[in-house]
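> below is the structure, and that's it, no one-letter string:
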């Protein structure tokens, strides 16, 4: 045991603070104390070093003991009694709430199934034998984190040969689109790292397994992918998508003939095409000059959003969409629906039509030339949250429904900031009379007077809808707690009770 030697008295504080030098006797005594205390200090250092080694050994033994203790507790854990099929259900539920099983944003690698695989060998063996748990991938190539490429490759390896759902985006694409045109920044420089281009290339190598592909990235990525020195040789122009059935493009396209969108020969089973062209000009310009070749004849869903010069586009492509069952159009507020002559187009398989626009009457030239005999549901949505005054349904839409002899079962008008101008309710009255088998009616607008007038006319004519079981009516003057709101709600219930035999919760 370490025993300190006797301690000499320290020099008094007032002597230290004074400026006087020590006497010869004091200096001699002080030197002898220094020699003794230096030896004592070395004894302390030696003892501390010995004690530290003992402490380190104790800490190491404690760590091993704690590890053994945790292993024994783990050995007795009730979860070990769960059979693998139950664990599979638990793991499947753990990731069911996420759109993608892997999400890479910057330096963040977020994956529930990957985290599960790191818990223990048994759990890892379970999850790596389920390729379907590894097949939904979202990657943001902007500021792509270093050292994430091996994890991405391993993730794709665990997905086996299962079909992939892939989303690729540049979260800061706005800054690229609005960069200084005189600058010489490459897309790789914009991303801040070449690893984002590498990640894009790694994903594209698995294109033959893509089932759903969503791209929200400037097309400049392809130019940089070809030019980057570190990129392995890859026949990028010969990428095919034999399993792709849904393709979504969001963003702006660069002014070039882009092979990637020449999908006709590359996507034999593509049936869903969704285009959100934020520039409002690129897609239509490409299409007009023949740069984009798409397999319209095989599509079952076509969504075109935020596209200008729409008349030219629609006149050209709609006659080819023979198999389309779901048609969604969202023309930008600056869209030019020119009064050109259209030949009548019949799309015999369209069951759902969705229109989005600040002023739906802007679809006049489209509605005049379309016939949808199989139309079952219709949705009308705004493309902004601004207040508007809306005259709907317009006469052109009513003519289209009559011409089509469509027996719609579902009408959804979701315009919470729109005021309906048809106060006598004749438009909605005529539309509902054309839909005797109506089963669902959802209307969200500002005012209820048009709706009340329409329902009053239907009730007066004795019109009933035996299949109408799903009704949602939301207006400012029926949801308010004012006397007027209570009166309108009561009247609305009474009128709906007269046109449908079912008891509804409004």
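Received the coordinates, thanks. The structure displayed is predicted, hence computed values, not measured ones.
> longest helix of the protein?
Longest helix in the chain, counting residues (DSSP state H): helix 24-76.
> immediately after that helix, which helix or strand?
Downstream of helix 24-76, the next assigned helix or strand under DSSP states H and E is helix 84-94.
> and the contacts of the very next helix or strand once past that following helix?
Downstream of helix 84-94, the next assigned helix or strand under DSSP H and E is strand 102-105. Contact with strand 102-105 is made by 109-111, 113-114, 134, 136-140, 144-145, 148, 152, 155, 171, 199, as judged by C-beta atoms under 8 Å, 6 or more residues apart in numbering. Any C-beta I mention is one placed from the backbone N, CA and C, and that applies to glycine too.
> just the helices in the stretch 251-400 of the chain please.
The residue ranges that make up the helices of the stretch 251-400 of the chain, judged by DSSP state H, counting those that start in this stretch, are 282-288, 310-317, 364-368, 395-404.
> domains in the chain, as residue ranges please.
With automatic domain parsing as the criterion, the domains of the chain are listed as 13-76, 81-244, 341-506.
> and residue 304, how many residues sit next to it?
21 (other C-beta atoms under 10 Å).
> and the gap between it and residue 314?
For residue 304, the distance to residue 314 (C-beta to C-beta, to the nearest Å) stands at 8 Å.
> need the overlap of contacts for these two.
When contacts are counted by C-beta under 8 Å, 6+ apart, residue 304 and residue 314 are jointly contacted by residue 329.
> sorry, back to before: please narrow the contacts of strand 102-105 to those residing in helices.
Judged by DSSP H, those include 113-114, 152, 155, 199 as members of helices.
> switch those over to CSV; also include pLDDT and neighbour count.
Output for the ones in helices among the contacts of strand 102-105, formatted as CSV (pLDDT from 0 to 100; neighbours: other C-beta atoms under 10 Å):
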residue, pLDDT, neighbour count
113, 90, 21
114, 89, 19
152, 91, 20
155, 90, 22
199, 89, 23
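> quick one on the thing from earlier: export the domains of the chain to JSON lines and append columns for distance to residue 294.
Compiled in JSON lines, the domains of the chain are given as follows (distance: least, C-beta to C-beta, whole Å):
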{"stretch": "domain 13-76", "distance to residue 294": "56"}
{"stretch": "domain 81-244", "distance to residue 294": "12"}
{"stretch": "domain 341-506", "distance to residue 294": "16"}
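> looking at those domains, which is closest to residue 267?
Among the domains of the chain, the nearest to residue 267 by C-beta to C-beta is domain 81-244 (4.8 Å).
> compute the first-to-last residue distance for the closest one.
41 Å (C-alpha to C-alpha, to the nearest Å).
> so how far is that domain from its chain's centroid?
14 Å (C-alpha atoms, centre = their mean, to the nearest Å).
> now do stretch 377-391
For stretch 377-391 - counting by C-alpha atoms, centre = their mean - the centre lies 23 Å from the chain centre.
> what comes up buried for it?
Neighbour-count burial for stretch 377-391 flags 377-383, 388, 390 (criterion: 16 or more other C-beta atoms under 10 Å).
> closest to residue 469 among those?
Here the nearest of the buried residues of stretch 377-391 to residue 469, counting by C-beta to C-beta, is residue 377; it sits at 14.9 Å.
> which residues does that closest one form beta bridges with?
On the basis of DSSP bridges, residue 377 is bridged to residue 352, residue 410.
> where are the low-confidence patches of the stretch 1-150 of the chain?
For the stretch 1-150 of the chain, the stretches with pLDDT under 70 are 6.
> what's the answer for the stretch 151-300 of the chain, then?
Within the stretch 151-300 of the chain, the stretches with pLDDT under 70 are 178, 181-184, 222-238, 252-265, 277-293.
> out of the helices of the stretch 251-400 of the chain, which gets the lowest mean score?
When those are ranked by mean pLDDT, helix 282-288 comes last with a mean of 59.
> quick check: residue 484 vs residue 83, distance?
When residue 484 is compared with residue 83 (using C-beta to C-beta), they lie 62 Å apart.
> quick one, what contacts the residue nearest to residue 374 when sequence neighbours are not counted?
In space, and not counting its chain neighbours, residue 374 is closest to residue 351: 5.4 Å by C-beta to C-beta, 6 or more residues apart in numbering. Residues in contact with residue 351 (C-beta under 8 Å, 6+ apart) are 325-326, 374-377.
> what's the answer for residue 247, then?
Per C-beta under 8 Å, 6+ apart, neighbours of residue 247: 212-215, 241, 263, 267, 270, 272-274.
> ok, the residue nearest to residue 374 to residue 377 distance?
Relative to residue 377, and taking C-beta to C-beta, residue 351 is found at 7 Å.
> now swap in residue 473 and tell me
For residue 473 relative to residue 377 (C-beta to C-beta), the value is 18 Å.
> tell me where the stretch 351-500 of the chain has strands.
For the stretch 351-500 of the chain, the strands defined by DSSP state E, counting those that start in this stretch cover 352-356, 370-371, 377-381, 388-390, 410-414, 418-420, 440-444, 470-474.
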